[in-house]
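J.: just coords:
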C-alpha cells in the first residue's frame, strides 16, 4: 500500500479586491531535509500548478539542503545557473551576488554590512535600486515612499548554459518596514502598493493567454536570440521605467568589447515554453537580454529597437497591477518558483545600514525548455 504524503497545499488568496492573480501557494507539513519520493512528487506538482510556492519557518535549513532541494527538480545538474557570469567585472550581476564558499551553488543577496555569514566575512550586500539601472528615475526626495520594478527577468545565463528550471530563495533576515508605492511611470498612471523590498512575480502563462489569436500564433512560431554574454553586453544600457526591457540608445557593447564569443553557445530559444505538468504555454522572454527574433518564415528581425518594441508590446499587459504577486517576506520563508513559467523583479530600497540577507540557488538545466510539441515524462 502506498504511503500518502502529509504535505498540504494552500492557495494564496489575492492580496487585494482588485487582484486577479491565479498562482501562488503555501506548502505545509513538509520536512525539506527528509523528503520521501512521494513528498517530492507532491511538491513538484504543486510547483508546476502554482508557479510560486512558499514554505514557512525554514530559517534553520542549511545551504546544503537548499541546494539538494533545488537539484531534485533536475537531478543530473550541479552548476550554478549563471556559471562564470558572476565573475565578469563588467556584468550587471557582479555587485549583487556573493557565493557561499562551502556551497558554491548557493548565493547570498541582500543589503547592508554583514560581519560573518556562512563563511563569508566582512561583506557588504547591496540591494539593487532602480536609480542605478533605469534611464529616467524617481527623484531622490520621493524614492523612500515610491519604488519601481527594478528589472523583470528570468534567472538564466542565456549564453552557453540552459535556463534553470527552478530557483529557491530563502529569507534569512528581513527588516520589516513600511509599504511603498510602486509606480509604472510609463504614461499609464498604473501603480500598486508593495511591501518594501518585496520580490514580485507575474505568470507567463497568463501573459500568453492575454494575447490576441494573431499574437499567440506569432509567439508560438517565433524564436528568441539572446545576446552573447548578455549581462556584459547590456552593462551600459538603461531600463524602461516599468522594468520591462531596455531603452534603445546604442549603448550595448560591441561584440569585440565582450569576452570571447563561441557561436554555438549563443542561445536561440522558443518564445513559448511548455509547463511539464499542465501543458500550458508560457510567453517566456527575458526582455533585457533579447537581441534578435527568428520568425516562422525564416525572417530574422535584427533591428534592436524593433525587437524590443515587439517584445514589450507582447509582455506589457501581463504585468498589470492586478496580475502582480508581491511577496511580503518574513524571516524563514523559503520560496521555490518555476523559472520557466514566471517573470520576477526586485522592488524597493533600503538604507545602507539596513541589513537584509537572502540565500538564492538555481542550477543550469540539463536540457533547454520544453517547446510546443514536447512533453516531459516523469
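T.: Yep, it's here. Note that the structure is predicted; figures quoted are calculated from it, not measured.
J.: Kindly list the longest strand within the protein.
T.: strand 106-117 (DSSP state E).
J.: What pairs with that one, parallel or antiparallel?
T.: Looking at strand 106-117 with DSSP bridges, its partner strands are strand 98-99 (antiparallel), strand 120-125 (antiparallel), strand 356-362 (antiparallel).
J.: per-stretch mean pLDDT over those strands, give me the minimum one.
T.: Among those, strand 98-99 carries the lowest mean pLDDT, at a mean of 92.
J.: who touches that strand?
T.: Here strand 98-99 makes contact (Cβ atoms under 8 Å, 6 or more residues apart in numbering) with 80, 86, 106-109, 120, 123, 125. C-beta coordinates here come from the backbone N, C-alpha and C atoms, glycine included.
J.: And stretch 59-67, by the same measure?
T.: 32-33, 100, 102-103, 105-106, 118, 168, 170, 172, 331-332, 334, 359, 361.
J.: picking that back up, return the set of buried residues in the longest strand of the chain.
T.: 106-112, 114, 117 (16 or more other Cβ atoms under 10 Å).
J.: Need the residues that contact it.
T.: Counting by Cβ under 8 Å, 6+ apart, 63, 66-67, 80, 86, 96-100, 118, 120-127, 172-173, 197, 350, 352-361 sit against strand 106-117.
J.: Report the distance from that strand to the chain centre.
T.: On the basis of Cα atoms, centre = their mean, to the nearest Å, strand 106-117 sits 19 Å off its chain's mean C-alpha point.
J.: three-state assignment of residue 70?
T.: Of the three states, residue 70 takes helix under DSSP: H, G, I helix; E, B strand; the rest coil.
J.: how about it, what does it touch?
T.: Counted by Cβ under 8 Å, 6+ apart, residue 70 has contacts 105, 166-168, 336, 361-363.
J.: mind showing which ranges of the stretch 51-200 of the chain have poor pLDDT?
T.: 81, 83-90, 93-96 (pLDDT under 70).
J.: Quick check: what element follows the biggest helix by length in the chain along the chain?
T.: Of all segments of type helix in the chain, defined using DSSP state H, the longest is helix 37-50. Counting by DSSP states H and E, the next helix or strand C-terminal to helix 37-50 is strand 52-55.
J.: so what strands line up beside that next one?
T.: strand 25-28 (parallel), strand 334-338 (antiparallel).
J.: State the pLDDT value of residue 13.
T.: Listed pLDDT for residue 13 reads 82.
J.: One more: the one 5 residues further on?
T.: Each residue has a pLDDT score; the one for residue 18 is 85.
J.: can you tell me which residues contact the residue lying closest to it once chain neighbours are set aside?
T.: Of all residues not flanking residue 18 in the chain, residue 322 sits nearest, at 5.2 Å (Cβ to Cβ, 6 or more residues apart in numbering). Contact partners of residue 322, counting by Cβ under 8 Å, 6+ apart, are 16, 18-21.
J.: So residue 322, which state does it fall into?
T.: Here residue 322 is recorded as helix under three-state DSSP.
J.: Now do it against residue 22, distance only.
T.: 11 Å (Cβ to Cβ, to the nearest Å).
J.: Please report how far residue 22 lies from residue 200.
T.: Counting by Cβ to Cβ, the gap from residue 22 to residue 200 is 16 Å.
J.: And these two? Which one has more around it.
T.: Shown here are residue 22 and residue 200; by other Cβ atoms under 10 Å, residue 200 has more neighbours (24 against 15).
J.: show me the contacts for that one.
T.: Contacts of residue 200 (Cβ under 8 Å, 6+ apart): 149, 182, 194, 324-327, 344-345, 347.
J.: In helices, which of the residues you listed appear?
T.: Among these, DSSP H puts none in helices.
J.: ok, the contacts of strand 98-99 vs residue 206, which is closest?
T.: Distance to residue 206 across the contacts of strand 98-99 (Cβ to Cβ) is lowest for residue 109, with 26.7 Å.
J.: Okay then, goodbye and thanks.
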